[in-house]
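S.K.: just a sequence and a predicted model for now, questions to come.
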Protein chains: 2
Amino acid sequence: MSVQERKQRERAERERLIVATARELAEQQGWDAVTTRRLAERIEYSQPVLYSHFQGKREIIGAVALEGATELATAVRAAASAVEGPRARVSALAHAYLDFAERNPAVYDAIFQLDGGLAFAHEDTPAPLKDAFAALLESLGEVAGEGVHPGLFTEVFWAALHGVATLTRAGRLPPGDVEWRVNLLVDRLAVL
Amino acid sequence: MSVQERKQRERAERERLIVATARELAEQQGWDAVTTRRLAERIEYSQPVLYSHFQGKREIIGAVALEGATELATAVRAAASAVEGPRARVSALAHAYLDFAERNPAVYDAIFQLDGGLAFAHEDTPAPLKDAFAALLESLGEVAGEGVHPGLFTEVFWAALHGVATLTRAGRLPPGDVEWRVNLLVDRLAVL
DNA sequence: CTCGGTTGTCTAGCGGTGCTAGCATCAAGT
DNA sequence: ACTTGATGCTAGCACCGCTAGACAACCGAG
């Protein structure tokens, strides 16, 4: 028994190594550089080993996305709970969100831009993704305003943050003015 | 002279054919299906011909993006000028924008998601892109509110639309409720 | 302690990608 | 009519995601 357990442990360990290496490589050189060959070389195994853990590259991206979604949820909750009052909370949430996107661009892409084979907005959406949305909802639902469904309000506020995050990073919006943009979104969208 | 002119005309015609075919193929089967081989076969020339018109695939995507940006600007202006009053104008603009993104997903990606080698938010930004932003600014600048820079306001409003458009299409937001989302954005962000 | 069988990993290769070197062809200008 | 230059083609490079099949290492049974 113990032999099989050890092997299982080692296998799980190697799987974590694959995901961590893929993430590292993506952050360092972009997702284009994350090829199965390079990834295999970095973990010091041959290519087919990757396919004994994941169905394909898409599933590896998906694994990075789930890991990232968990961290995003944590970051958002931590920021929101660190301050008092709805205005400060929403503002802190927005900053935490944009900060995460800026500091982990590859992971953010894995979650929201790339095809990781993940389902969204269905009942079979993976838990980390649902939880990340829940983390937003916890703070944003409070400021939806009367007669506005908290979930729908959260979606719109989130979409606005997402737009700012992606357009900024893609060079479509000039950097800087983050503080200003967040203030505008919070002041106008949130009902305090 | 006339011979050279004819050749130049034919060459320009072929370039248009390449861009139109790339766009068509992308809309039909997605950008992944737009390979240089398939594209060459569709225009009934060999691959290297593509490279006598464009530096590479990226530049072809860029050409589709520029064409799309021009159309987007036109669509936005047409929608805005068709109605009276700031509220209706901004609402019409938002609908036109989201409509364009939904009906031309591949072109929208070429403009805003893919790497077409285009510069944004610099002085050497291609004219069609600057003009598309200008089209937004014309209507949105009016409702920025006092003390708020029209350009910065336009960027934020645009980012919100972009977020809604991309998240919806990627399945990250449930479809439907478009009317509702637009109303929320217009009512809260715009100062009427 | 040996021996089958299973389990795990690797080498090699398939069809595809973007891109290019170098050759053939054909038309224009002398 | 001949040369010359432009033009498009064939063939091939290095790389991609992915997989079949060979091979080695380890397990439990006798």
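M.R.: Sure, I can see it. Numbering: from 1, shown residues only, chains lettered A, B, ... in the order given.
S.K.: switch to C-alpha atoms for all contacts and neighbour counts from now on
M.R.: Noted.
S.K.: just how off-centre is the longest helix along chain A within its chain?
M.R.: If each helix of chain A is counted by residues according to DSSP state H, the longest one is helix A:2-29. Here helix A:2-29 is found 20 Å from its chain centre; the criterion is Cα atoms, centre = their mean, to the nearest Å.
S.K.: do stretch A:13-33 as well
M.R.: Counting by Cα atoms, centre = their mean, stretch A:13-33 is centred 15 Å from the centre of its parent chain.
S.K.: report the backbone C-alpha coordinates of that stretch in CSV.
M.R.: Extracted C-alpha coordinates of stretch A:13-33, given in CSV (Å, rounded to 0.1, in the frame of the first residue of the first chain):
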residue,chain,number,x,y,z
GLU,A,13,3.9,16.5,-6.9
ARG,A,14,5.0,16.3,-10.6
GLU,A,15,1.6,17.6,-11.7
ARG,A,16,2.0,20.6,-9.5
LEU,A,17,5.5,21.1,-11.0
ILE,A,18,4.0,21.1,-14.5
VAL,A,19,1.5,23.7,-13.6
ALA,A,20,3.9,25.9,-11.8
THR,A,21,6.5,25.6,-14.6
ALA,A,22,3.9,26.5,-17.2
ARG,A,23,2.9,29.5,-15.2
GLU,A,24,6.4,30.6,-14.7
LEU,A,25,7.3,30.2,-18.3
ALA,A,26,4.2,32.1,-19.4
GLU,A,27,4.9,35.0,-17.1
GLN,A,28,8.5,35.1,-18.2
GLN,A,29,8.2,34.8,-21.9
GLY,A,30,4.4,34.8,-22.7
TRP,A,31,2.1,31.9,-23.5
ASP,A,32,3.5,31.6,-27.0
ALA,A,33,6.7,30.4,-25.5
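S.K.: check whether it contacts chain B.
M.R.: No: when contact is scored as Cα under 8 Å from any Cα of the partner chain, no part of stretch A:13-33 falls within range of chain B; the minimum is 11.9 Å.
S.K.: angle of the host helix or strand of A:L184 against helix B:178-189?
M.R.: When elements are defined using DSSP states H and E, A:L184 is found to belong to helix A:178-189. Put simply, helix A:178-189 runs at 110 degrees to helix B:178-189, going by axes from the mean of the first three to the mean of the last three Cα atoms, to 10 degrees.
S.K.: what does stretch A:90-103 contact?
M.R.: Outside stretch A:90-103, the residues within contact range by Cα atoms under 8 Å, 6 or more residues apart in numbering or on different chains are A:72, A:75-77, A:79-80, A:83, A:107-108, A:136, A:139-140, A:161, A:165, A:169, A:182-183, A:186.
S.K.: of the residues you listed, list those near chain B.
M.R.: When these are checked against chain B using Cα under 8 Å from any Cα, the ones in range are A:L161.
S.K.: the most centrally placed residue in chain A: what's it in contact with?
M.R.: Among the residues of chain A, A:A69 comes closest to the average C-alpha position under Cα atoms, centre = their mean, at 3.7 Å. A:A69 is in contact with A:111, A:128-129, A:132, counting by Cα under 8 Å, 6+ apart.
S.K.: so which elements touch the worst-scoring helix or strand of chain A on mean pLDDT?
M.R.: Of all regular secondary-structure elements in chain A, judged by mean pLDDT, DSSP states H and E, the least confident is helix A:2-29 with a mean of 89. In terms of contact count using 3 or more Cα pairs under 8 Å, 6 or more residues apart in numbering or on different chains; DSSP states H and E, helix A:2-29 is assigned the packing partners helix A:36-42, helix A:57-81, helix A:105-112.
S.K.: need the buried ones from the contacts of stretch A:90-103 selected in PyMOL.
M.R.: To isolate the buried members of the contacts of stretch A:90-103 in PyMOL, using 16 or more other Cα atoms under 10 Å in any protein chain shown:
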select buried, chain A and resi 72+75+76+77+79+80+107+108+136+139+140+161+165+182+183+186
